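Asks: make a model of this:
(one chain, ligands or ions: 1)
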Amino acid sequence: MLGALFAASPISLSALDSATRPANRPGRLNLSFRPYELQLRHAFNLARNQRTTTPGVQVQIEYDGLIGYGEASMPPYLGESVASVTEYLSKLDLSQFSDPFRIEDIHEYMESVAPNNRAAKASVDIALHDLTGKIMGQPWYRIWGLNPDKCPNTSFTISYDSNPEEMRKKIEETSPYKVVKVKMGLDHDKEIVEALRRHTDVPICVDANQGWNNKEKALEMCHWLAERGCLFVEQPMDKAAIDDTAWLRERSPLPIIADEFLQRLPDVRRAAQAYDGINIKLMKSTGMHEAYKMAVLARALGMKVMLGCMTETSCAVSAAAQLAPIVDWADLDGNLLIANDIFDGMKIVDGKVTLNNRPGIGVVPVG
Ligand code: MG
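Replies: Below you'll find the model as predicted:
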């Protein structure tokens, strides 16, 4: 399937290698990309919207016969689209780079092309990490010096469904996982936890998606959830409500984690004013290069680190998973929530994020 996906790609420089390029001439980076819409297995009912698909773009960087895979996923609330990602990627001329290990330089170049486009930049960053890992013959968690045995369990996300039968099915699907993440901020916050608790006592984590609109309600929910085996609460209130969130943190029995509040490295220090921890996602951070720096800075500031994802194929999820050994909590279920994955990569084994020994980001195309 992936071959067909890229069938219309321009012919790669490496394919022309022996015919057109003199021996020993350094290779060049050849970027190609195609839209790929992700089909969600269940409609996502979030505090502020519902959706059944997520737009995505699949990326390849080819260099001297090796291919690095990358991916952009664009949930609508982040403001990127297939059009904006492909327009941005079309502006990039990666053929000016002959060394794929110049990841810092390539990020500087990508910033110079446009300031935002974080998912688009992430797709290039992921493909570069996959490519350079393959050149070195090592997975990135090893290159970073991380112990894969330290990966945490992942949470598995469910959202409320007013149909009790559908709700029961959703809860049944959580049975292989050791942590369940509950989307809140709607009118049924307590019902979903009560429904869950009728079936399981696994720890839950809560993502309010900015849905609690006053600090007293948020505090009451934090106490209620703490009594029901909740580990932490993610983005309880509007990302602009910094003072109210700081007020809540002072009083909450549960850690308060920033998600929508923060995107990139400079946001980590701001988050420390009001939150106990941060949720790092590659589509916000512009990829693995900055995500690693964010994790290190958050640790240095004494903050908790959570690793999240969007709905993504195993490509972007496996890229994020390379960082899993240095985080407190993982929410890497994006590939499990879609019906049309086109990669084999990291696995969830007995609830735990499980990395493989493949080089780069550890994926191979399937399907
Ligand atoms: Mg979140």
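Asks: spit out the contact partners of Tyr275.
Replies: Contact criterion Cβ atoms under 8 Å, 6 or more residues apart in numbering gives 245, 249, 256-258, 261, 303 as the residues in contact with Tyr275. All C-beta spots, glycine's among them, are computed from the backbone N, C-alpha and C.
Asks: can you give me the distance of it to Ala241?
Replies: Counting by Cβ to Cβ, to the nearest Å, the separation of Tyr275 from Ala241 is 12 Å.
Asks: circling back: buried ones among the contacts of Tyr275?
Replies: Buried by 16 or more other Cβ atoms under 10 Å: 245, 249, 256-258, 261, 303, out of the contacts of Tyr275.
Asks: and those as TSV, adding pLDDT?
Replies: Formatted as TSV, the entries for the buried ones among the contacts of Tyr275 read as follows, by pLDDT from 0 to 100:
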residue	pLDDT
Thr245	98
Arg249	98
Ile256	98
Ile257	98
Ala258	98
Phe261	97
Met303	98
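Asks: kindly indicate which of these lies nearest Val364.
Replies: The closest of the buried ones among the contacts of Tyr275 to Val364 turns out to be Ile257 (Cβ to Cβ; 32.8 Å).
Asks: dump stretch 216-226 to CSV, restricted to CA.
Replies: Below are the C-alpha coordinates for stretch 216-226, written out as CSV (Å, rounded to 0.1, in the frame of the first residue of the first chain):
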residue,chain,number,x,y,z
GLU,A,216,-14.0,25.5,41.9
LYS,A,217,-15.6,22.9,39.7
ALA,A,218,-12.1,21.7,38.6
LEU,A,219,-11.0,21.4,42.2
GLU,A,220,-14.2,19.5,43.2
MET,A,221,-13.6,17.1,40.2
CYS,A,222,-9.9,16.6,41.2
HIS,A,223,-11.0,15.5,44.8
TRP,A,224,-13.8,13.3,43.4
LEU,A,225,-11.4,11.7,40.9
ALA,A,226,-8.6,11.2,43.5
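Asks: for it, buried residues please.
Replies: Under the neighbour-count criterion of 16+ other Cβ under 10 Å, stretch 216-226 has 218-219, 221-222, 225 buried.
Asks: what of stretch 194-202?
Replies: So for stretch 194-202, counting by 16+ other Cβ under 10 Å, buried means 195-196, 202.
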